[in-house]
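Asker: sequence plus the predicted model coming up.
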Amino acid sequence: MEKNKLNKKTIDKINDALFFIFCLTGIIYFLFFQSVTIGGDYKYFIYVFLIPTLIGFFLIARFTFFAKSWKSIFNDLLKEKYLILKFIYPFLLITSNFIFSYIFFGNSANIIWDTINKLESKKNKTEKYFLPITKIYTSYKYKDKIRFVFLNNEESISVKYSEIKPFLNKNTDNLKIEIKVKKGIWDNYILESWEIKEVINH
């Protein structure tokens, strides 16, 4: 009995350590190494986000500390008197399971995909596009962005306020963005640089 308790404590410590490492790795990669991409299609959502996260969801529910929660939840729900809690318990369990799954599996899949995308883009030449800007906006809650149409799809890139401040009071009809990109996989383009230019329309 004592041995089982020690094994459980060891497993819990390993799970906590792995969770911390994966979280830290994901944050560091996103802040310093994640490439800025535009374009693409449904393939990223399905093959990089959805499938790895769903696989991780079921593996985590089966082989980690979540397994015990899933086994006991039905009995707990039958005993629960308050109807609202019968919905809250499964929701919290599914949400926390999903978050763990994304951190372990979805995040790892994204890093692998981004690395492959970078390697593929290095094989291609830099392309330059001169595109009309549809909107420049700032936000206190979210990142400031520039919106433009690229290959018939509206795209946006996050920018610093200082970079767009000189153009905030200007008519977007007189503004264009020059971007330099390299094509990667699945019609994703890695953004190398961008610059807003003012044009005079007659």
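Answerer: Thanks, I have it. Residues are numbered from 1 along each chain as shown.
Asker: mind checking how far the longest helix seen in the chain is from the chain centre?
Answerer: When the chain is parsed with DSSP state H, its longest helix is helix 2-32. How far helix 2-32 lies from its chain's middle: 21 Å, per Cα atoms, centre = their mean, to the nearest Å.
Asker: buried ones in it?
Answerer: For helix 2-32, the neighbour count (16 or more other Cβ atoms under 10 Å) marks Phe22, Gly26, Tyr29 as buried. Backbone N, C-alpha and C define where each C-beta goes, glycine included.
Asker: which residues touch stretch 143-162?
Answerer: The contact list for stretch 143-162, computed with Cβ atoms under 8 Å, 6 or more residues apart in numbering, reads 36, 38-39, 129, 131-139, 164, 177, 179, 187, 189, 191, 194, 196.
Asker: that one: end-to-end distance?
Answerer: Start-to-end span of stretch 143-162 (Cα to Cα, to the nearest Å) is 12 Å.
Asker: what do you get for stretch 39-51?
Answerer: 21 Å.
Asker: give the buried residues for it.
Answerer: Gly39, Gly40, Tyr44, Val48, Phe49.
Asker: show me how the protein divides into domains.
Answerer: If you go by automatic domain parsing, the domain ranges for the chain are 2-121, 127-198.
Asker: mean pLDDT added to those domains, as a markdown table?
Answerer: Listed next are the domains of the chain as a markdown table, based on pLDDT from 0 to 100:
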| stretch | mean pLDDT |
| --- | --- |
| domain 2-121 | 81 |
| domain 127-198 | 92 |
